[in-house]
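> give the three-dimensional model of this entry:
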Amino acid sequence: MDRKEFFSIVGVGAASALVMSCVGCSKSSDSGKSSVTGPTGVNFTLDLTLAANAALLNNGGYLAANGVLVAKTSAGAYIAVQQSCTHQNYPLVYEGSSQQFFCNNHGSAFSEKGVVLNSPANRNLTVYNTLVTGTSLKVYS
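Residues are numbered from 1 along each chain as shown. I've put the predicted structure just below:
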């Protein structure tokens, strides 16, 4: 194989890789449908006295457990939604100051009730029930 043939083959391979990576990000490949759903059969309890759960003692604090994002609102209520964005399964964060869940990857935002506020997500989050008993926080479907 001579030098010209080598660069021709390498160029075609690199171009193919570039095209495939661009196709993967195109809007047409997304088809506008969200298929990411939250876990089902959720039923766990968090001990609010444990250091691992200390974030939930402060208004605006949050943590992830068992595929669920649990947060304490600025009003002091506990809320729980699926941990991943309905757009492409990236982890969400809770922004207590703006009272919303946010995906840092593509910018989707959701209300504290899990309702889509910002695209590209087009499906609401799965919301879970919470119940405080003493220092225990139960999260369940």
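
> Asn89 contacts Val36, correct?
Yes - the pair Asn89 and Val36 qualifies as a contact (CB atoms under 8 Å) at a distance of 4.6 Å. Where C-beta positions appear, they are placed from N, C-alpha and C, glycine not excepted.

> number of residues surrounding the residue nearest to Val127 when sequence neighbours are not counted?
Leaving aside its sequence neighbours, Val127 sits nearest to Gly114 (CB to CB, 6 or more residues apart in numbering; 4.4 Å). Per other CB atoms under 10 Å, the neighbour tally for Gly114 reads 19.

> just checking, what's the longest strand in this structure?
Criterion DSSP state E: the longest strand present in the chain is strand 127-133.

> quick one on the thing from earlier: separation between the residue nearest to Val127 and Thr135?
Distance, Gly114 to Thr135, using CB to CB, to the nearest Å: 26 Å.
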